[in-house]
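*Asks:* Provide a 3D model corresponding to the input given below.
(chains A and B)
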Amino acid sequence: MKSRGILPVGFNRWFSMAWLAAGYIFLFVPIVALIFYSFNDSPIPNKWAGFSLRWYAALPNDREMLGGVWLSFRIAFYTASASIVIGTLAAFALNRYRRFWGRTLFTGMINAPLVMPEVIIGLSLLLMLVSIQRAIGHPDRGMLTIWFGHLLVGMAYATVVVQGRLRDLNPQLEEAAMDLGARPLQVFMLVTLPMIAQSVMSAWLLTFTLSLDDVVLSAFLSGPGSTTMPLVIFSRARLGLNPSVNTIATLTVLVVSIGIVITSFLIARAERNRNIDMAAAARAG
Amino acid sequence: MKQFVASLRSGRAAVIGIPYLWLLVFFLLPFLIVLKISVSDVDGVRFKDVLSFAEGAMSLTLKYSNYIFITQDELYFKTYISSLTFAAVTTIFCLMIGYPFAYFMARAKSTVQPALLMLVMLPFWTSFLLRVYAWKGLLSEHGWVADLLTFLKVDHLLLAAGLIPALDRYMNTPFSLVVGMVYCYLPFMILPLYGNLAKLDVSLLEAAQDLGATPFTTFWKITVPLSRAGIIAGSMLVFIPCVGEFVIPELLGGPQTLMIGRVLWDEFFSNNDWPMASTVAVVMILLIIVPLAIFNRYQAQTQEVRR
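*Replies:* Down below sits the predicted model:
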């Protein structure tokens, strides 16, 4: 790996650095702008009138938004928690059983929600739930139906994330545990799960944020009184620029950054502990 | 031993059965229902059953009028074409920006690569909706990007290309729609490409150069073909959802930017015409079924067990 810089003609180092820099500026400017204007002391967007926290001060009185935030967080929590359970099972099914009835259909159904336009998923799920509701009187449109929709997409993402990790695992570790007499459930709990825990955790976070962000599925599946945070934001954004949206954006970025810092820390610590354990085991052996 | 085998069996049944059943009920069944409703007659608020028993005979009543209408109505046709065009343009721009980006990322020092990757992932974690909304601010009057583009006289170029209706007016135009879609879907292009290019065997490139290939030839003959899977996966990840995109056209699009996702939304929420919305959805699925199959094949290949 001596020469890393095999670049085509003209693509010198400076060019590549400029391209990367421009790309990152493109990716981050909107987020910076959102945060910047949340501190604007003017209801007129794009016109800087000095620093102010007035939009943050107004937030506690914004009943509609707060209700949406609370509902969204609850749905996101349930979605993420259920997604990692079904997603891990599906990842196992894909990874461990190469042959079973309808495997092609199964992989198709796992992968399709990743790219399928949300309007199609939302409409079809709603029409089915309405049919069921007409037949047996349940479920009414609300938190539960939104959860169904989010879970469908969430489990697909969770499967992909966990599956990626499972694929890279060393199967000999599980085989060794089996040979030493561990039952399958024990093998899973004591050997496999600790090894995939990191990917399960990132799957949880990913599905949580996806659920927290979803507009289209929620719009189809929500009922009266179940307006999620993105639905509130969306209805305001449709009408024009609104400083309250900027404050929510800033707070979301803050929460997400804190979440990422904490998880990176936890992951780094777990990694370190495992390395210490491995070193100890190696010495003992 | 018997017990062990039995528990393994039941474990297998649960591991496969639970997600399978879930997907059948919540993914496949709804599509069949949409298909059914798209050919159903509406009887007041209820849909008539497609299959009915009358005087001991089973009769099948299908209503094709929605499909006939959709194929003959010029507006629908235009909307489908324009959705596919916008999705294709978005995919091309994402590829043009994203491929060099992923390539340079993969060729950066290995110590900074995790940080570079993290920075691409980060916008993922901040709300999609809020990032679209941010462009509304950036491109409307006196927004940062709008002012920059006007300062650089890019608006003359865009006006000449017919992408904006007047100088210094960027919002609710084909231009703002494409900017928003490229912005939102760029990470979906970069990530699979990076995954692919990072694994590229550098010795192959060195071999090509040792054998006298110019760097340009090496790039076209070795790097690009080897990253084909990444190109296809990234393009499908961008193209397919873009065809049916709703939020971005709703917030950044305008009267000129017909998108099928918005039409479906209006049929459902404004016109309350559920059979028509279902028909629109079925036709949309037909449009994306080939890209979907391609995506699926490449996904399945990467999911193959590497042992």
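*Asks:* Can you name the residue of chain A nearest to chain B?
*Replies:* A:Pro117 (2.3 Å; CB to the nearest CB). The C-beta positions use only the backbone N, C-alpha and C, and glycine is treated the same way.
*Asks:* just checking, that residue touches B:Val243?
*Replies:* Yes. Shown here, A:Pro117 and B:Val243 form a contact pair, counting by CB atoms under 8 Å, at 6.3 Å.
*Asks:* which neighbours do the two share?
*Replies:* Listed as contacting both A:Pro117 and B:Val243 by CB atoms under 8 Å, 6 or more residues apart in numbering or on different chains are B:Gly261, B:Met284, B:Ile288.
*Asks:* Among these, which one lies nearest to chain A?
*Replies:* Among the shared contacts of A:Pro117 and B:Val243, B:Gly261 lies closest to chain A (CB to the nearest CB), at 4.8 Å.
*Asks:* List the contacts of the nearest residue to that closest one once chain neighbours are set aside.
*Replies:* Leaving aside its sequence neighbours, B:Gly261 sits nearest to B:Phe246 (CB to CB, 6 or more residues apart in numbering or on different chains; 3.8 Å). Going by CB under 8 Å, 6+ apart, B:Phe246 touches A:Pro117, A:Glu118, A:Val119, A:Val216, B:Met259, B:Gly261, B:Arg262, B:Leu264, B:Trp265.
*Asks:* pLDDT value on the residue in the stretch 151-300 of chain B positioned nearest to chain A, please?
*Replies:* The minimum distance from the stretch 151-300 of chain B to chain A, using CB to the nearest CB, falls at B:Gly244 (2.3 Å). At B:Gly244, the model reports a pLDDT of 93.
*Asks:* what's the burial count for the residue nearest to it when sequence neighbours are not counted?
*Replies:* Leaving aside its chain neighbours, B:Gly244 sits nearest to A:Pro117 (2.3 Å; criterion: CB to CB, 6+ apart). By other CB atoms under 10 Å in any protein chain shown, the residues close to A:Pro117 number 25.
*Asks:* From A:Ser226, how far out is A:Pro117?
*Replies:* According to CB to CB, to the nearest Å, A:Pro117 stands 23 Å off from A:Ser226.
*Asks:* One more: A:Ala33?
*Replies:* Taking CB to CB, one finds A:Ala33 at 31 Å from A:Ser226.
*Asks:* Okay, domains of chain B per the record?
*Replies:* With automatic domain parsing as the criterion, the domains of chain B are listed as B:2-60, B:71-303.
*Asks:* Where among these is average confidence lowest?
*Replies:* Taking the mean pLDDT of those, domain B:2-60 comes last: a mean of 72.
*Asks:* CA-only coordinates of stretch A:142-151 in PDB, if you can.
*Replies:* Provided in PDB are the C-alpha atoms of stretch A:142-151 (Å, rounded to 0.1, in the frame of the first residue of the first chain):
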ATOM      1  CA  GLY A 142     -53.800   6.800  15.300                       C
ATOM      2  CA  MET A 143     -50.600   6.000  17.000                       C
ATOM      3  CA  LEU A 144     -50.900   2.300  16.400                       C
ATOM      4  CA  THR A 145     -51.400   2.500  12.700                       C
ATOM      5  CA  ILE A 146     -48.500   5.000  12.300                       C
ATOM      6  CA  TRP A 147     -46.400   2.600  14.200                       C
ATOM      7  CA  PHE A 148     -47.200  -0.200  11.800                       C
ATOM      8  CA  GLY A 149     -46.100   1.900   8.900                       C
ATOM      9  CA  HIS A 150     -42.900   3.000  10.500                       C
ATOM     10  CA  LEU A 151     -42.100  -0.500  11.600                       C
END
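*Asks:* what is the rounded mean pLDDT of it?
*Replies:* Here stretch A:142-151 scores 93 as its mean pLDDT.
*Asks:* Please apply the same query to stretch A:47-62.
*Replies:* Computed over stretch A:47-62, the mean pLDDT rounds to 86.
*Asks:* Repeat that for stretch A:77-89.
*Replies:* pLDDT averaged over stretch A:77-89 gives 95.
*Asks:* what comes up buried for that stretch?
*Replies:* Going by neighbour count (16 or more other CB atoms under 10 Å in any protein chain shown), the buried part of stretch A:77-89 is A:Tyr78, A:Thr79, A:Ala80, A:Ala82, A:Ser83, A:Ile84, A:Ile86, A:Gly87, A:Thr88, A:Leu89.
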